Structure formats: C-alpha cells, structure tokens
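Peer 1: Provide a 3D model corresponding to the input given below.
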Amino acid sequence: MMSMPNESVLEGVLVLDAATYIAAPLSASILSEFGAQVIKIEHPRSGDPLRQFGTKGTDPSASMQWLNENRNKRSVTLDLSKPEGRDLFIALAQRADVVVENFRPGTFERWGLDWETLHAANRRLVMLRLSAFGQNGPLREHIGLARIAHAFSGVLSISGEVDRPPANPGPTSLADYVAGVYGALGLMLALFERERSGLGQVVDLALYEPMLKTMDEAFAVFNRTGFVRQRFGSQVATVAPTANYECADGRFVTIGVPDDKMFARLSTAMCASHLADSNSKFATNALRVEHRDEIESIVRTWVQSHDRDAVIRLLQESDVPCAPILDIAEVAAHPQVAARENFVTRPDGAGGTVTMQAPVPKLSRTPGRVVTSGPSLGEATSEILQRLLGLSDSQLADLRSKKVI
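Peer 2: Residues are numbered from 1 along each chain as shown. The predicted structure is shown next:
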C-alpha cells in the first residue's frame, strides 16, 4: 500500500472501498487524501464502471473521471458473489477500519456480507452504506443516480427558468459529490465515536438526503404556509435585486444583494444613491421584492451599459457582493485559484498526466495530499492478498483459475 509522506490525520486507517461510480467512492477518496489507506475492491473482469465513464485518458480503459475520483487508492480484484471472494472480503474486513458500499439494498446480504456478519468478524468496523433511497422505506430497492436525487429531493423542480423545463442544478453529478462529502463526514463521526465505545456502526445514507439539506427554508415554509416554491431562474424569491446579468461585452456577472445595506452600496456604485433613500419604493427588501421587475430592470440596464471587467471593478470598489461568471478556462487560469493551489497534476499511470482538484479543506499542520491518480485494474491484488492475508503464489493461481480474482 502507498505511504503518505509525513504524518497524516488518518494514518493507519484501512478502508475497503467496494463501491462503484462516484458518491460512495468519493467518501473513501476524501479519507485517502488525509492519510487513510484505501483498497478499491473491483470485479475481476469489468472493474468499476466509472473506468469507462467520461472522457478517455492516455489509457482508454481509464477515464479522466476514474483517475480523478479514485486518487490514492490501490486496486484489488475480487468477485464478491463467489464464496471464495466473500471469504477473502471478510478476512480483509477483519483487518479494516472501514467498509464502503453502494449496492442496491439486499445485495451485500445476498452475498453473505450483511452487517451482522461483518460486525461479528470485526466489532470495530465502520460501514458506509450509500444507496439511492437508503436501507429502509418503500423505495429502498429502487436504483438511482445523481439526477434521480436531484428530482426526488425537489432541487430539480426549482432549477431553471420559470417558463422552461427544469434544468440540471449545475454539474450532472452534483448530488454524488454532496453525498460523498456527507458520507465521509458520517465515517469520521463513527470513527470518532469508536474511540469512546470501541465499537463500529453503520452509516446509512440515501443519495437524495444531502440534497434535501441544500433546500434552505423551502420545506419549513411549506409546512407552515403551504407555499410550494417554483423555478425562479437566477433570481431569489425572497430577495431583490439578486440575479445573473449580461454585460455589454456579452459576458455575465452575478450580483447578490441580501439586505438594505448592500442595496445602498449597489445604488452608490450605479451612481443612483437615491434608489436607497428612506422614502424610495426600493428602500427595503420587502419593497424591492414587491417591485421586483422594476428594480431588476434598473440593475440589468446599468450592467448592460458596461463590460464585465468594469462592472466587477465598480461593484468591488463599493464592496457589493459580485463575481464574474467564469468558464472552465477562466477558472483554471485565475490567480486566486493558483494562489490557493486548487489543482494538482499527477502521472496517470500510462505515460501521461492528469490534472485534478486538490484536497479541501486545507489543514495547517496535516494537509491533505494527492499521491497517485486512480489505479489500473487489479494492480495490487497479489501484493495485498499476500501481505495482508498471507496467501501463497499457488493459492493466488487457484483463485485466478476460478475467476475469483
């Protein structure tokens, strides 16, 4: 297994990542960035489907997304549906701190890898079970991807323009990334509690649940008033003016004015301070919401009379929350991103390199690290089964002949 340079927060923590695609594997990857040793368990013939998902890398069998999301891991092939594969997984789990899986509920049970069996083998084991709808409820056996979570959580219903179909709320896999972070949080909480009790536990997470957490006051308002929030484009139902605006050069900015103080600053920046006078029909946020179309039109007209750089300069000089809406190339080249070292470039294992997002958050004494990109299929099978389980060459050959590894 790879060694992380210097002491890391999770040094000595062993994770078995038996999950596929993005969300649950991301939870394991986050732990790996901070020192955990992660063994990626994959099917001997097909591997994780994420290997083929997205843009091909130098090696056509390893997509850019695979290389990014499975950083710092070692790959072991193991057919968990076979009795020998089950036994080997349990033997590994006896030595592990964490197991991560995201199969349809009941699958691990069918393979004989239910929580009761794993917990009996290792009382300190922590297990993340991340599925579309969680381990219980009428939808528990339904499959789902990120866009299903966007739809079921209500997020998709409020994303997009009023008179258009719902639009993706940013990246297609947004729910996967949010759930991956919550999955890592759940694992850390369970590991922290284990220090007190000496016992592991299950972290049960539905893919849609973290998206519910992003819906601010929508459900509280509904339960109190019956109001169902609808799509509102780039505007905010409870605040005005706040939106995305097109500039004179065809580029875009976003401006956020959450309160009356910020609106006074915006008015000053637009050389229209009278808009914020106490006797103005825009004096308070409630009044601005009431006269939304008019105040949004005033701001839009002002923005459209300047190019993007001028809008940003004028608003920043007045301390108004704003930002240029950057495309991928602009983000990659931005000096703020460079100063924060938000990207790292590592070998891709096939003679090329891959640039990836750097670990966050930044810890001052024990920062996260990206040592390697995603591994080739089964590159560590023999090494890890021999070192951790003591298997001989002949035993490995027998397992290969039976297509267990």
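Peer 1: distance of the residue lying farthest from the centre of the chain from Leu363?
Peer 2: The outermost residue of the chain relative to its centre, with distances by Cα atoms, centre = their mean, is Asn279 at 46.4 Å. Distance, Asn279 to Leu363, by Cβ to Cβ, to the nearest Å: 52 Å. In short, each C-beta sits where N, CA and C put it, glycine included.
Peer 1: please apply the same query to Pro375.
Peer 2: Distance, Pro375 to Leu363, by Cβ to Cβ: 25 Å.
Peer 1: helices along the stretch 51-200 of the chain, start to end?
Peer 2: Using DSSP state H, counting those that start in this stretch, the helices found in the stretch 51-200 of the chain span residues 64-69, 83-95, 107-110, 115-121, 146-152, 174-197.
Peer 1: right, so these: which one is the most enclosed?
Peer 2: Greatest average neighbour count among the helices of the stretch 51-200 of the chain goes to helix 64-69 (a mean of 24), per mean count of other Cβ atoms under 10 Å.
Peer 1: counting by contacts, list what it packs against.
Peer 2: Judged by 3 or more Cβ pairs under 8 Å, 6 or more residues apart in numbering; DSSP states H and E, helix 64-69 is in contact with helix 23-33, strand 353-357.
Peer 1: low-confidence ranges in the stretch 1-150 of the chain?
Peer 2: Applying pLDDT under 70 to the stretch 1-150 of the chain flags the ranges 1-6.
Peer 1: OK, contacts around the closest residue to Ser273 other than its chain neighbours?
Peer 2: Counting by Cβ to Cβ, 6 or more residues apart in numbering, Ser273 lies nearest to Ser267, which is 4.9 Å off, once chain neighbours are set aside. Counting by Cβ atoms under 8 Å, 6 or more residues apart in numbering, Ser267 touches Ser273, His274, Leu275, Ala276.
Peer 1: what residues of the helix or strand that contains Ser267 count as buried?
Peer 2: In this assignment (DSSP states H and E), Ser267 forms part of helix 260-269. Across helix 260-269, burial judged by 16 or more other Cβ atoms under 10 Å covers Asp260, Met262, Phe263, Ala264, Arg265, Leu266, Ser267, Thr268, Ala269.
Peer 1: put together CSV for the residues you listed, with pLDDT and distance to Asp398 on each row.
Peer 2: Below are the buried residues of helix 260-269 laid out as CSV (pLDDT from 0 to 100; distance: Cβ to Cβ, whole Å):
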residue, pLDDT, distance to Asp398
Asp260, 97, 75
Met262, 97, 70
Phe263, 98, 74
Ala264, 98, 77
Arg265, 98, 73
Leu266, 98, 73
Ser267, 98, 78
Thr268, 97, 78
Ala269, 98, 74
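Peer 1: thinking again about what came up before, among the contacts of Ser267, which ones are buried?
Peer 2: Neighbour counting by 16+ other Cβ under 10 Å classes Leu275, Ala276 among those as buried.
Peer 1: nearest to Leu113 among the contacts of Ser267?
Peer 2: Nearest to Leu113 among those, counting by Cβ to Cβ, is Ala276 at 63.1 Å.
Peer 1: and the closest one, what is it in contact with?
Peer 2: Ala276 makes contacts with Asp260, Phe263, Ala264, Ser267, Thr268, Phe282, Ala283, as judged by Cβ under 8 Å, 6+ apart.
Peer 1: for the residues you listed, which one is nearest Ser234?
Peer 2: Closest to Ser234, out of all of the contacts of Ala276 and judged by Cβ to Cβ, is Phe263, at 17.6 Å.
Peer 1: any idea how far the residue at minimal distance from the centre of the chain is from Leu399?
Peer 2: Compute the mean C-alpha point of the chain, and by Cα atoms, centre = their mean the closest residue is Tyr177, 1.5 Å away. Shown here: Tyr177 relative to Leu399, a distance of 35 Å by Cβ to Cβ.
Peer 1: on that earlier part again, please identify which of Pro375 and Leu363 sits among more neighbours.
Peer 2: Pro375 (24 against 12; other Cβ atoms under 10 Å).
Peer 1: now that one, what's its secondary structure?
Peer 2: coil (DSSP: H, G, I helix; E, B strand; the rest coil).
Peer 1: I figured it hits Ile39, correct?
Peer 2: No - in this structure, Pro375 is not within contact of Ile39 by Cβ atoms under 8 Å, at 10.0 Å.
Peer 1: now list whatever residues contact both of these two.
Peer 2: Lys73, Arg74, Ser75.
Peer 1: number of nearby residues for the last one?
Peer 2: Per other Cβ under 10 Å, the neighbour tally for Ser75 reads 22.
Peer 1: got the contact list for the closest residue to it other than its chain neighbours?
Peer 2: Take Ser75 and drop its neighbours on the chain: the residue closest to it by Cβ to Cβ, 6+ apart is Pro375, 4.2 Å away. By Cβ under 8 Å, 6+ apart, the contact set of Pro375 is Lys40, Asn70, Lys73, Arg74, Ser75, Gly349.
Peer 1: can you rerun that using 10 Å?
Peer 2: Contact analysis of Pro375 by Cβ atoms under 10 Å, 6 or more residues apart in numbering lists 2, 38-40, 42, 62, 66-67, 70-76, 349.
Peer 1: next: Leu399.
Peer 2: Taking Cβ under 10 Å, 6+ apart, one finds 44, 77-79, 82, 84-85, 88, 381-382, 385, 391, 405 in contact with Leu399.
Peer 1: mind redoing it with 6 Å?
Peer 2: Ile405 (Cβ atoms under 6 Å, 6 or more residues apart in numbering).
Peer 1: correct me if wrong, but it is in a helix.
Peer 2: Yes - applying three-state DSSP, one finds Leu399 inside a helix.
Peer 1: report the separation between it and Glu11.
Peer 2: Distance from Leu399 to Glu11, by Cβ to Cβ: 30 Å.
Peer 1: next: Gln316.
Peer 2: Taking Cβ to Cβ, one finds Gln316 at 42 Å from Glu11.
Peer 1: any idea how many residues pack against the nearest residue to Ile255 once chain neighbours are set aside?
Peer 2: Leaving aside its chain neighbours, Ile255 sits nearest to Cys322 (4.8 Å; criterion: Cβ to Cβ, 6+ apart). Residues lying near Cys322 (other Cβ under 10 Å) number 21.
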